[in-house]
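Participant: Everything below, folded, please.
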Amino acid sequence: MSFTNRNNFLPLFFFTFFSLSCSTSSFSIVALNFTPELAQKTFHRNSIRLEKKAINSPNDSKALYNASKNLTMYTYGFLMDEAKKISMEDYKEGLKIYNEANSIFKRSILYIEKSIQLDYKDYFAWINNSQPSSIDFKKESSSKLYWAAASYAGAIQSSNGDPNWVVQLPKIGKLLETGLELYPEWNYGAFYTAMIPYSMIRHDASPNKIDTAKYYFNKALEASGLQDLSPYIAYAENIALYQQNKNEFTNMLYSALRIDINANPDLSLVNYINRSRANWLLDNIDEFFY
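Facilitator: The predicted structure follows:
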């Protein structure tokens, strides 16, 4: 896939901003280190279980939220990662996996938006820019807004340029910006980190979009206490690649690799995944620069 096409969509790292309990993170890292296939099967089985619960309880806001979050985590963590890597060698085979991922993301959107609508009856009018023009969201809704944005991001990316999905891009901004207003430090600055790529690809991006993205990068570092690899990966894959700055690209990735992934147990799993991604990006660096 060409450099130009890659930057039309939210990059893969969007997945990496989720939060998990310490015990789940520890177990997942062990599984990923020694039995990656088992880890994938475990995530998949859990996704199926939670989705069945959501289908059987269509008016249970929590069940719908859990199903959407888990499906999004599984699809980004395994299918999208696999599709991206395979596409570099076999585009048609990669496209098959992208299509599978897109189908899952579509379901994830249905579940998370129904969950939010059960909490706020005017949600669909709000997200589609109908009346009312605003909703008084509660702070605890931040996580749902984030995962709704993540689901939309996955659907857009996995659609590989389908106009019907690309036009949904402003919804991601609306969800992220609302969550950022509600709870900017949520999940160690996940909203700040997500705004790095969005600032670069939004339909109404300003001429100083790079400065805006760098602002969110610095805010993300501050919110995470310099313990999260995600902002560095986000910077490398968006700002450095956009500017074709190879030195800055490698510096950001090496800065990420110097972080102790176990320093913050809440971030250990996401840091493990990002460490693997940073190494993969460095190993394939010639694919990203002219």
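
Participant: What sits closest to residue 120 if chain neighbours are left out?
Facilitator: residue 135 (5.2 Å; C-beta to C-beta, 6 or more residues apart in numbering). All C-beta spots, glycine's among them, are computed from the backbone N, C-alpha and C.

Participant: Tell me the secondary structure of the one you found, please.
Facilitator: coil (DSSP: H, G, I helix; E, B strand; the rest coil).

Participant: residue contacts, it?
Facilitator: Residue 135 is in contact with 120, 122, 123, 126, counting by C-beta atoms under 8 Å, 6 or more residues apart in numbering.

Participant: The third one is in contact with residue 113, isn't it?
Facilitator: Read that as residue 123. Yes. Shown here, residue 123 and residue 113 form a contact pair, counting by C-beta atoms under 8 Å, at 6.9 Å.

Participant: From residue 252, how far off is residue 146?
Facilitator: Using C-beta to C-beta, to the nearest Å, residue 146 is found at 23 Å from residue 252.

Participant: again but with residue 217, I slipped
Facilitator: Residue 217 sits 9 Å away from residue 252, going by C-beta to C-beta.

Participant: Show me the common contact partners of these two, please.
Facilitator: In terms of C-beta under 8 Å, 6+ apart, residue 217 and residue 252 are both contacted by the residues residue 235.

Participant: quick one, helices of the stretch 1-150 of the chain?
Facilitator: Assignment of helices within the stretch 1-150 of the chain using DSSP state H, counting those that start in this stretch yields the ranges 3-6, 22-34, 36-56, 61-74, 81-87, 91-119, 123-127, 142-158.

Participant: CSV please, covering those and showing mean neighbour count, distance to residue 168 and mean pLDDT.
Facilitator: Output for the helices of the stretch 1-150 of the chain, formatted as CSV (neighbours: other C-beta atoms under 10 Å; distance: least, C-beta to C-beta, whole Å; pLDDT from 0 to 100):
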stretch, mean neighbour count, distance to residue 168, mean pLDDT
helix 3-6, 12, 18, 36
helix 22-34, 14, 30, 51
helix 36-56, 15, 22, 84
helix 61-74, 23, 15, 93
helix 81-87, 18, 20, 84
helix 91-119, 19, 9, 95
helix 123-127, 18, 10, 95
helix 142-158, 26, 6, 94
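
Participant: now those in CSV, with distance to residue 276?
Facilitator: Formatted as CSV, those follow (distance: least, C-beta to C-beta, whole Å):
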stretch, distance to residue 276
helix 3-6, 19
helix 22-34, 8
helix 36-56, 10
helix 61-74, 15
helix 81-87, 9
helix 91-119, 18
helix 123-127, 34
helix 142-158, 19
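
Participant: Now the contacts of residue 135 in a markdown table, please, with extra columns for distance to residue 186.
Facilitator: Below are those laid out as a markdown table (distance: C-beta to C-beta, whole Å):
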| residue | distance to residue 186 |
| --- | --- |
| 120 | 18 |
| 122 | 23 |
| 123 | 19 |
| 126 | 20 |
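
Participant: And those, which is closest to residue 55?
Facilitator: Proximity of these to residue 55 (C-beta to C-beta) peaks at residue 123, which lies at 20.2 Å.

Participant: need the contact list for that closest one.
Facilitator: Residue 123 sits next to 113, 116, 117, 135 when contact means C-beta under 8 Å, 6+ apart.

Participant: contact partners of stretch 161-176?
Facilitator: Under the contact criterion C-beta under 8 Å, 6+ apart, stretch 161-176 has outside partners 5, 8-10, 127, 145-146, 148-149, 152-153, 155-156, 159, 191, 194-195, 198, 201-204.

Participant: Helix or strand: which one has residue 255?
Facilitator: Assigned by DSSP states H and E, residue 255 belongs to helix 246-257.
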